[in-house]
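J.: pasted the sequence and its predicted model underneath.
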Amino acid sequence: MQGISHGATQDNLSLDKLLTFDFLVPPLPVQRRIAGILSAYDDLIENSQRRIKILEEMARRLYREWFVHFRFPGHEGCRFVDSALGEIPEGWEVKTVEDSFVISGGGTPSRKEVIFWEGGTIQWYSPSDLTSASAMFIDDSRDHITERGLAQSSARIFPARSVMLTSRATIGAIAINTHAACTNQGFITCLPNDRVPLYFLFHWLAENVPTFQRMASGSTFREISRGVFKTIWFLHPPVAHVAHFETTAEPIAEQILALQRQIKNLRRTRDLLLPRLLSAQIDVEALPEPVLTEP
């Protein structure tokens, strides 16, 4: 179609030319078989997406039940005391983010320096990576930088299984990176530790997005700075409660990751099959419909 498009100012595909365009029309039974195969892939993708939403809601409700409403195992008869966050169970602590876990910022290597980008293998995230994925885990970034780009910019690499939080323009998109990575300036990346483990930290961030948005400022675009973020109060339940939550939330999260990757593989396979099915490169009758396997 591009080859038969012409125009003085810009290429244009006229209706007359489009009507003369030849394309292969498989017999109707073959068309239905192709549609059935592709629909099966779409159904499997939709099913996995529903399962992810259920799992995410399970973990979210568990966090809220234990650490927001304080209905944790053994809460009966618990005494409450005053704190900077209001009444909390006796024995729980309130500290600032700065005193709870390490945070990291980001930076952007100069786009004018090709050597900072060409052939890069280091994952480098921008907020659009997270907003377009809208997922708990993210395996790769759209852009990658080189070792030299990392060394000669304010970008800082952080380990896999950190939690990235977008901190400007779109405030509050959150994702866990599955490989070591770095970000641009629009992030606050939170590094879990023994006292504040990964999934406890992730759900605390998700629960407090309205707080981050409320504390943001700026005339051109709203942003929550690292300095302000460090002053936010962070609730520390007893170690045993956090460990119990983590061991419960971890298998849920790992199943979410497996389903995300299954969806990615299904989409890739479907998109590879489509042109081959329509061009008869693959015998449609010999192709089995996909079956969902447990992650």
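T.: Sure thing, it's come through. Numbering: from 1, shown residues only.
J.: quick one: average pLDDT of stretch 65-78?
T.: Per-residue pLDDT values over stretch 65-78 give a mean of 95.
J.: how about the CA coordinates for it, as CSV?
T.: What follows is stretch 65-78, C-alpha atoms only, in CSV (Å, rounded to 0.1, in the frame of the first residue of the first chain):
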residue,chain,number,x,y,z
GLU,A,65,-6.2,-5.6,56.7
TRP,A,66,-3.0,-6.1,58.7
PHE,A,67,-1.2,-2.7,58.4
VAL,A,68,-4.0,-0.1,57.8
HIS,A,69,-6.9,-1.5,59.7
PHE,A,70,-4.6,-3.3,62.2
ARG,A,71,-6.5,-6.6,62.0
PHE,A,72,-3.4,-8.7,61.9
PRO,A,73,-3.1,-12.2,63.4
GLY,A,74,-3.4,-11.9,67.1
HIS,A,75,-4.7,-8.4,67.1
GLU,A,76,-7.5,-9.2,69.6
GLY,A,77,-6.9,-7.3,72.8
CYS,A,78,-4.1,-5.2,71.4
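J.: and it, which residues are buried?
T.: Across stretch 65-78, burial judged by 16 or more other C-beta atoms under 10 Å covers 66-67, 72. Yep, even glycine has a C-beta here, placed from its N, CA and C like the rest.
J.: identify the residues contacting the closest residue to V102 other than its chain neighbours.
T.: Nearest residue to V102 in three dimensions, chain neighbours excluded: L191, at 4.5 Å (C-beta to C-beta, 6 or more residues apart in numbering). Neighbour list for L191: 101-104, 158-159, 162 [criterion: C-beta atoms under 8 Å, 6 or more residues apart in numbering].
J.: would CSV of these with pLDDT be doable?
T.: Output for the contacts of L191, formatted as CSV (pLDDT from 0 to 100):
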residue, pLDDT
F101, 98
V102, 98
I103, 98
S104, 96
F158, 98
P159, 98
S162, 98
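J.: which one of those sits closest to D271?
T.: Comparing the contacts of L191 against D271 with C-beta to C-beta places S162 closest, at 30.6 Å.
J.: low pLDDT regions in the chain?
T.: 8, 286-287, 289-295 (pLDDT under 70).
J.: per-domain residue ranges of it.
T.: Following automatic domain parsing, the chain resolves into domains at 28-92+239-295, 101-236.
J.: how far out from the middle of the chain is the shortest one?
T.: What separates the centre of domain 28-92+239-295 from the centre of its chain is 12 Å, taken as C-alpha atoms, centre = their mean, to the nearest Å.
J.: ok so, going back, of the domains of the chain, flag the one that's most buried.
T.: Ranked by mean neighbour count, the domains of the chain are led by domain 101-236 with a mean of 18 (mean count of other C-beta atoms under 10 Å).
J.: distance from that one to the middle of the chain?
T.: The answer for domain 101-236 is 11 Å, by C-alpha atoms, centre = their mean.
J.: I'd assumed H244 was in contact with P197.
T.: No: using C-beta atoms under 8 Å, P197 is not in contact with H244, being 11.2 Å away.
J.: where do the strands sit along the stretch 1-150 of the chain?
T.: Along the stretch 1-150 of the chain, counting by DSSP state E, counting those that start in this stretch, strands occupy 80-81, 88-89, 93-96, 102-104, 122-125, 137-138, 143-145.
J.: and of those strands, who's closest to R214?
T.: For those, proximity to R214 was assessed by C-beta to C-beta; strand 93-96 is nearest, at 16.9 Å.
J.: which strands and helices sit next to that closest one?
T.: Contacts defined by 3 or more C-beta pairs under 8 Å, 6 or more residues apart in numbering; DSSP states H and E place strand 93-96 against strand 233-236.
J.: helices or strands up against the strand it packs on?
T.: strand 93-96.
J.: got the CA positions of the strand it packs on in PDB?
T.: The C-alpha trace of strand 93-96 is given here as PDB (Å, rounded to 0.1, in the frame of the first residue of the first chain):
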ATOM      1  CA  GLU A  93       7.300   2.100  65.600                       C
ATOM      2  CA  VAL A  94       7.100   5.200  63.400                       C
ATOM      3  CA  LYS A  95      10.200   6.400  61.600                       C
ATOM      4  CA  THR A  96      10.900   8.600  58.600                       C
END
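J.: partner strands of it, with direction?
T.: strand 233-236 (antiparallel) (DSSP bridges).
J.: got a list of contacts for stretch 121-138?
T.: By C-beta under 8 Å, 6+ apart, the surrounding residues in contact with stretch 121-138 are 52, 56, 106, 140-147, 149-150, 155, 157, 164, 166, 168-170, 173-184, 186-187, 202, 253, 256-257, 260.
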